[in-house]
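Colleague: Sequence first, then the predicted structure, then my questions.
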Amino acid sequence: MKFNYFHLMPWCQANEPNQEWPVSNRNFVPEQGTELYKTYINTMIYAEECGFDWVGCNEHHFSPYGLMSNCNLIGSVLINRTKNVRVAMCGNLVPLLNPIRVAEEYAMLDVLSGGRLVAGFMRGIPHEYVAYNMSPDESWERLAEAYELIVKAWTEPEPFGWEGKYYQYRAVSIWPRPHQKPYPRVLMSASNPESARFAAERRAIMGVVMLPDYDSARESIRVYKETARANGWEAGPEDILIGAHTFVADTEKEAKALLGDGLKYFYDVLAGGPRTAQRLVVQKTRYYRDTDAALKRTAARRAVLKETSIEERIEKGIVLCGTPDQVVDQLTRMKKELGHGVMNINMKIGNIPDEAVLRSMKLWGEGVAPHVRNL
């Protein structure tokens, strides 16, 4: 198995639960932000020493949920201070951005790293579209067209023009071109059958970043594999990424306490703003095919997750939590259930202290990774 150390870069000094979106930035302290960025970047760099194969960045807007509004900036720092880990952009919200700019910046990162980029093409969650004043109704079509345009920009050696529905360019010829040939491996979110089908049609790695339950993940994996086969290729474990909140400690009691408190802060405080924004978007857009049903499903799922105890999460297998030996057993079960080959690990959940996160990473590197590498 391969392991990706993923970081949201949350602002942990927020205290007000269930804030409306967009969340006011009146309590942001730039000096504290500077120190947080230093801490978070150093933590991500430390992941290489702990045996992680990838280090993952992401993009979010208008909320203390995450301070990484441009993951490529963080990725460039990681590339400069690491040697072997792949740098996974999980990723650029492609429908919201200029696709030529994405093609250029990803190509730069791939060349700077000597071919270590994993290129995330993310559709994004609904509130990001509110932030950038764009209709979520166009998200699938924009993502599909942007994907084709970016791949052509990466692979076409001669200048070309582009006249699409959403993007028009008189002449395109990016410098540099990517280091990897024909281009970096693409990663796409595939947490539901529709997105799994979309990813498989483009031979992208499928990612289920926040594991809701085994049944829904298995269904997305089934659709992904069937679609891949219908498009002339076989999807293997290396094409499937599963994500889970993870925490390793010296004792089971300590691991449960820290992860439980971190998840409470994550859902009550950090996720409050995005939750209110998503409710707004669902009510006013065709982003979901059936607005009323989607609203109820989304609200019900978030309510269940928010109220699920840490013991129930462990029992369901949707988090990895405990001593190194316990986490080895949990991950072995998850691998048997889902058959994935890439694991997305997030240890800085909510306001878990950074010192505890570093200890968890060390225990992972010494007591977990060596025993699950060959699953």
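Modeller: Thanks, I have the structure now.
Colleague: Give me the spatial nearest neighbour of Asp239, chain neighbours excluded.
Modeller: Leaving aside its chain neighbours, Asp239 sits nearest to Ile205 (5.4 Å; criterion: CB to CB, 6 or more residues apart in numbering). C-betas here are computed from N, CA, C, even on glycine.
Colleague: Centre of the chain to the strand or helix carrying Asn80, how far?
Modeller: If you go by DSSP states H and E, Asn80 is part of helix 71-81. In terms of CA atoms, centre = their mean, to the nearest Å, the centre of helix 71-81 is found 16 Å from the chain centre.
Colleague: Quick one: list the elements packing against that helix.
Modeller: helix 30-49, strand 54-57, strand 86-93, helix 99-113 (3 or more CB pairs under 8 Å, 6 or more residues apart in numbering; DSSP states H and E).
Colleague: can you count the residues close to the residue nearest to Asp239?
Modeller: 22 (other CB atoms under 10 Å).
Colleague: Likewise for Lys83?
Modeller: 9.
Colleague: which residues does it contact?
Modeller: Glu48 (CB atoms under 8 Å, 6 or more residues apart in numbering).
Colleague: ok but it is inside a helix, no?
Modeller: No. Using DSSP: H, G, I helix; E, B strand; the rest coil, the assignment for Lys83 is coil, not a helix.
Colleague: Relative to Pro184, how far out is it?
Modeller: 18 Å (CB to CB, to the nearest Å).
Colleague: Contacts for the helix or strand where Phe121 lies next, please.
Modeller: Counting by DSSP H and E, the element that carries Phe121 is strand 117-122. By CB under 8 Å, 6+ apart, the residues outside strand 117-122 that reach it are 54, 59, 75, 86-94, 106, 109-110, 143, 146-147, 150, 178-180, 183-189, 204-205, 207.
Colleague: beta partners for the residue nearest to Asp239?
Modeller: Counting by DSSP bridges, Ile205 forms beta bridges with Leu187.
Colleague: I'd say it and Ile242 touch.
Modeller: No. Using CB atoms under 8 Å, Ile205 makes no contact with Ile242, being 11.1 Å away.
Colleague: Can you list the helices and strands that the host helix or strand of Gly262 packs against?
Modeller: Secondary structure from DSSP H and E places Gly262 in helix 252-265. Helix 252-265 is packed against strand 240-248, helix 310-316, strand 319-322, with contacts defined by 3+ CB pairs under 8 Å, 6+ apart.
Colleague: please redo it, this time with the cut-off set to 10 Å
Modeller: Counting contacts by 3 or more CB pairs under 10 Å, 6 or more residues apart in numbering; DSSP states H and E, helix 252-265 packs against strand 240-248, helix 291-307, helix 310-316, strand 319-322, helix 324-338, helix 354-363.
Colleague: how far off strand 240-248 does it point, in degrees?
Modeller: Angle, helix 252-265 to strand 240-248, by axes from the mean of the first three to the mean of the last three CA atoms, to 10 degrees: 120 degrees.
Colleague: count of neighbours near Ser135?
Modeller: Neighbours around Ser135, by other CB under 10 Å: 15.
Colleague: and what of the one 10 residues further on?
Modeller: Using other CB under 10 Å, Glu145 has 19 neighbouring residues.
Colleague: same question, Glu234
Modeller: 8.
Colleague: you'd agree it is up against Thr227?
Modeller: No. Counting by CB atoms under 10 Å, Glu234 does not reach Thr227; the two are 11.5 Å apart.
Colleague: joint contacts of these two?
Modeller: With CB atoms under 10 Å, 6 or more residues apart in numbering applied, the contact sets of Glu234 and Thr227 do not overlap.
Colleague: Now do the helix or strand encompassing Ala153, average pLDDT.
Modeller: For Ala153, the element it lies in under DSSP H and E is helix 139-155. Regarding helix 139-155, the rounded mean pLDDT is 97.
Colleague: Just give me how far that helix sits from the chain centre.
Modeller: 20 Å.
Colleague: Could you tell me the angle between it and strand 117-122?
Modeller: 160 degrees.
Colleague: Tell me which residues of the next helix or strand after helix 139-155 come out buried.
Modeller: As assigned by DSSP H and E, the chain's next helix or strand after helix 139-155 is strand 160-163. For strand 160-163, a neighbour-count test (16 or more other CB atoms under 10 Å) marks Trp162 as buried.
Colleague: And the contacts of strand 160-163?
Modeller: By CB under 10 Å, 6+ apart, strand 160-163 touches 99-100, 145, 148-149, 152-153, 168-173.
Colleague: What pairs with the first helix or strand past it going along the chain, parallel or antiparallel?
Modeller: Once the chain leaves strand 160-163, the next helix or strand it forms, by DSSP H and E, is strand 168-172. With DSSP bridges as the test, strand 168-172 is paired with strand 160-163 (antiparallel).
Colleague: and the strand it pairs with, how far out from the chain's middle?
Modeller: Per CA atoms, centre = their mean, the centroid offset for strand 160-163 relative to its chain is 31 Å.
Colleague: cool, and stretch 105-120?
Modeller: 17 Å.
Colleague: Pick out the residue closest to the middle of this protein.
Modeller: Cys90 (4.3 Å; CA atoms, centre = their mean).
Colleague: hang on, that residue packs against Cys71?
Modeller: Yes. With contacts counted by CB under 10 Å, Cys90 reaches Cys71, the gap being 7.5 Å.
Colleague: Could you name every residue contacting both of those two?
Modeller: Gly56, Cys57, Asn58, Glu59, Gly120, Met122.
Colleague: List just the nearest of those to Gly350.
Modeller: Gly350 lies nearest to Asn58 out of the shared contacts of Cys90 and Cys71, by CB to CB, at 15.6 Å.
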